[in-house]
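Peer 1: sequence and predicted structure below; questions after.
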Amino acid sequence: MSRFLTLPLSLAIAGLAFVGTVRAGSASPGSSEPLVERLHRAAPSLDRKVLSMAAHAMTCSIRRGEPVPMRRLSVIDYSLPSTQPRLWVFDLEGARLLFEERVAHGRNTGENLATRFSNATGSYMSSLGAFVTQESYRGANGYSLRLQGLEPGFNDKARERAIVIHGAPYVSEALVSAQGRLGRSLGCPAVRAAVAQPLIDSIRGGSFLFAYYPDPAWLKQSRLLGADCGNGVAAHPVASAAGG
């Protein structure tokens, strides 16, 4: 499978649209450089195309009426192995990288590499697409953060499935060294226990989270990835959807 889809022109210039949504008074207010470019410079290990897709999806969510404050953006790239940092959290007002972390995927999503995703209760798989963060709480996994999925059929059961961000002892350098991958969750994007509280506190209460993987069905059907934000025109075509 190709790691990326064929991008429409609107997505290629997503940074231009995205920077226009940041309110006056943000960092570098006089800069003509698109916000996506400034974020990518802050986090060069995050693929530029994935970041652009996240920006496009966030812009589409706002255009579709979702209450998404323009304060924080979190991006997970599940196409990367669990041994690598693949979660980035940005402060949009300052175009700053706040966190770059490893994140676990569901036990039925794959071993070191994620390959399968689901929206089904009891699947023990991770879900793809756009989420809005909700309230934090303390539960069986300690300090945790509820997520609301914005993509029908792909992640809209996240809250009823208890797909939350939480800390976990199986997200550690020691485990990577011992078994060549992180431990796995029941579908939650789990992070290091030591970073869970500050990370959750930085994004709770309505920020945008985008979880990427080159899944053909999601790339084709997502309302938030289409050139017109799902308002009548089919989402952009997938490159090499038959695999490879």
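Peer 2: Thanks, I have it. Residues are numbered from 1 along each chain as shown.

Peer 1: strands of the chain, start to end?
Peer 2: 72-77, 87-91, 96-101, 129-139, 142-149, 164-168, 191-192, 208-212 (DSSP state E).

Peer 1: just how off-centre is the second one within its chain?
Peer 2: Spelled out, it's strand 87-91. Distance, stretch centre to chain centre, for strand 87-91: 9 Å (Cα atoms, centre = their mean, to the nearest Å).

Peer 1: pull that strand out as CSV, backbone CA atoms only.
Peer 2: Taking C-alpha atoms only, strand 87-91 is exported to CSV below (Å, rounded to 0.1, in the frame of the first residue of the first chain):
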residue,chain,number,x,y,z
LEU,A,87,2.6,11.6,18.7
TRP,A,88,3.1,15.3,18.4
VAL,A,89,1.3,18.1,20.3
PHE,A,90,1.5,21.6,19.1
ASP,A,91,0.7,25.0,20.6
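
Peer 1: who does that strand touch, helix- and strand-wise?
Peer 2: If you count contacts as 3 or more Cβ pairs under 8 Å, 6 or more residues apart in numbering; DSSP states H and E, strand 87-91 packs onto strand 72-77, strand 96-101, helix 193-203. Glycine gets a C-beta too; all of them are placed from N, C-alpha and C.

Peer 1: one step back: from the strands of the chain, which stretch is densest packed?
Peer 2: Of these, the one with the most neighbours on average (mean count of other Cβ atoms under 10 Å) is strand 208-212, at a mean of 26.

Peer 1: neighbours around Arg116, how many?
Peer 2: 14 (other Cβ atoms under 10 Å).

Peer 1: low-scoring pLDDT stretches of the chain, where are they?
Peer 2: Scanning the chain with the threshold set as pLDDT under 70 gives 1-32, 68, 232-244.

Peer 1: helices along that one, start to end?
Peer 2: 9-12, 14-20, 35-42, 48-63, 173-179, 193-203, 216-221 (DSSP state H).

Peer 1: how about the spatially most central residue of the chain: what's its closest non-neighbour residue?
Peer 2: With distances taken as Cα atoms, centre = their mean, the residue of the chain nearest its centroid is Phe210 (2.3 Å). Counting by Cβ to Cβ, 6 or more residues apart in numbering, Ala54 is the residue found nearest to Phe210 once chain neighbours are left out, at 3.8 Å.
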